[in-house]
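In: next come a sequence and a model predicted from it.
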Amino acid sequence: MTTKELLKKEIETLPNEIAENVYKLIVSVKELASTKTKLRRKRSFKMEDETGYLLKSPANKKRLLSSVDNVKKKKNLVVVDLKDLRWEK
């Protein structure tokens with residue numbers, strides 16, 4: 001028996017009112033998970049789109065890839081103490 005089948009069997013043993021609420025909860029959880037997945041995909045696509053845009057320019061591409069390489073090699077890095085940052089309200 002699958003988990004889904006076992007769950008359905010368990011729910012059927014509950015009083016009708018409780019079973020209905022359990023089904024509603026399951027549907028709500030599925031909808032929430034679906035919405036989260038859609039938002040993740042949209043955010044990921046936006047990031048890929050922005051990265052693609054930035055890499056279109058040869059000068060930008062060279063600068064960005066050089067910066068990534070510098071970070072990997074831990075060279076030409078600027079150290080900033082967070083206490084020195086000024087936060088505006």
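Out: Arrived safely, thanks for sending.
In: please count neighbours and contacts with C-alpha atoms only from this point.
Out: Will do.
In: same for the helix or strand harbouring Lys30, what does it pack against?
Out: If you go by DSSP states H and E, Lys30 is part of helix 16-56. The contact analysis (3 or more Cα pairs under 8 Å, 6 or more residues apart in numbering; DSSP states H and E) places helix 16-56 against helix 3-12, helix 58-73.
In: run the angle between that helix and helix 3-12 for me.
Out: Counting by axes from the mean of the first three to the mean of the last three Cα atoms, to 10 degrees, helix 16-56 lies at 150 degrees to helix 3-12.
In: per-residue pLDDT, the residue nearest the centre of the chain?
Out: Nearest to the mean C-alpha position of the chain, by Cα atoms, centre = their mean, lies Arg40 at 4.4 Å. Here the pLDDT value assigned to Arg40 is 80.
In: distance check, it against Lys46.
Out: 10 Å (Cα to Cα, to the nearest Å).
In: and the pLDDT at the residue lying farthest from the centre of the chain?
Out: The outermost residue of the chain relative to its centre, with distances by Cα atoms, centre = their mean, is Pro15 at 38.0 Å. With respect to pLDDT, Pro15 has a value of 83.
In: check Phe45 too.
Out: For Phe45, the model assigns a pLDDT of 69.
In: go on, Lys62?
Out: 91.
In: from Ser34, how far off is the residue nearest to the centre of the chain?
Out: Note on Arg40: its distance to Ser34, by Cα to Cα, is 10 Å.
In: Ile18 now?
Out: 24 Å.
In: likewise for Leu55?
Out: Leu55 is 32 Å from Ser34, by Cα to Cα.
In: between these two, who's got more neighbours?
Out: Leu55 (16 against 12; other Cα atoms under 10 Å).
In: identify the residues contacting that one.
Out: Counting by Cα atoms under 8 Å, 6 or more residues apart in numbering, Leu55 touches 61, 64.
In: can you pull the pLDDT of it?
Out: Looking at Leu55, the pLDDT reads 83.
In: how about Lys73?
Out: For Lys73, pLDDT reads 92.
In: no more questions from me, cheers.
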